[in-house]
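A.B. asks: below: sequence and its predicted model.
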Amino acid sequence: MDKDSQSHGLSDSRRSAHGSARILLFIILIFTIIFAWLAIVGATSAFMNTLPGTALLTLLAGATWVAMTAGLFHNGRRMRRVAWGTAIANVVIPIIGLFAELPLDGWSPWRDGGIAFWYVPTALAVATLVWLYHSSPARLAQRNG
């Protein structure tokens with residue numbers, strides 16, 4: 001690129017995550033990898049046992065975690081919306097699972113509020129919502145004038 005086209009390009013002056021934010025993102029990434037892997041294994045088992053509803057809902061849970069994490073790491077406007085929506089789903093659906101019998105694999109992060117993982121999935125989804133609110137570029141711009 002020539003010098004003239006570089007001067008008119010967009011620049012992002014936001015800092016990258018440091019400290020506790022980076023640790024939170026790393027923890028969410030690790031659990032997302034675990035949830036995605038177990039969703040694939042659980043869905044495969046459910047398909048083999050002719051339980052397509054269980055398989056699809058379990059795959060949806062894993063895909064929702066992957067989309068949430070992608071939205072967190074990308075941090076663009078649309079991806080933040082994806083992260084918000086999927087984080088809300090990762091809080092609401094497990095809570096619904098506490099009261100309704102959802103056809104989920106035993107290792108699904110949504111089963112009975114996340115009981116298979118000591119409720120860590122639901123707690124991490126709540127932490128994601130808090131982080132998304134706290135790190136909102138629009139809110140930070142308003143606060144900084």
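C.D. replies: The structure has been received and is ready for your questions. From a predicted model like this one, the values you see are computed outputs, not experimental measurements.
A.B. asks: and L38, how many residues sit next to it?
C.D. replies: 20 (other C-beta atoms under 10 Å). For every residue, glycine as well, the C-beta is placed using N, CA and C.
A.B. asks: contacting residues around it?
C.D. replies: Going by C-beta atoms under 8 Å, 6 or more residues apart in numbering, L38 touches G62, D105, W107, S108.
A.B. asks: now, these that are in helices?
C.D. replies: With helices taken from DSSP state H, the overlap with the contacts of L38 comprises G62.
A.B. asks: out of the contacts of L38, who has the most neighbours?
C.D. replies: Of all these, the most densely surrounded is S108 (31 neighbours; neighbours counted as other C-beta under 10 Å).
A.B. asks: just say helix, strand or coil for T50.
C.D. replies: On the three-state scheme (DSSP: H, G, I helix; E, B strand; the rest coil), T50 is labelled coil.
A.B. asks: show me what the strand or helix carrying I88 is packed against.
C.D. replies: Take DSSP states H and E as the rule and I88 turns out to sit in helix 77-99. Applying 3 or more C-beta pairs under 8 Å, 6 or more residues apart in numbering; DSSP states H and E, we find helix 77-99 packed against helix 52-74, helix 120-134.
A.B. asks: return the most buried member of the ones you listed.
C.D. replies: Comparing the helices and strands packed on helix 77-99 by mean neighbour count (mean count of other C-beta atoms under 10 Å), helix 52-74 ranks first with a mean of 20.
A.B. asks: average pLDDT for that one?
C.D. replies: Along helix 52-74, the predicted local confidence has a mean pLDDT of 95.
A.B. asks: what's the answer for stretch 102-109, then?
C.D. replies: Per-residue pLDDT values across stretch 102-109 average out to 90.
A.B. asks: what does that stretch rub up against?
C.D. replies: The set of residues that contact stretch 102-109 without belonging to it, under C-beta under 8 Å, 6+ apart, is 31, 35, 38-39, 41-43, 45-46, 51, 53-55, 57-58, 61-62, 65, 90, 93-94, 96-97, 110-111, 116-117, 121.
A.B. asks: great, nothing more from me.
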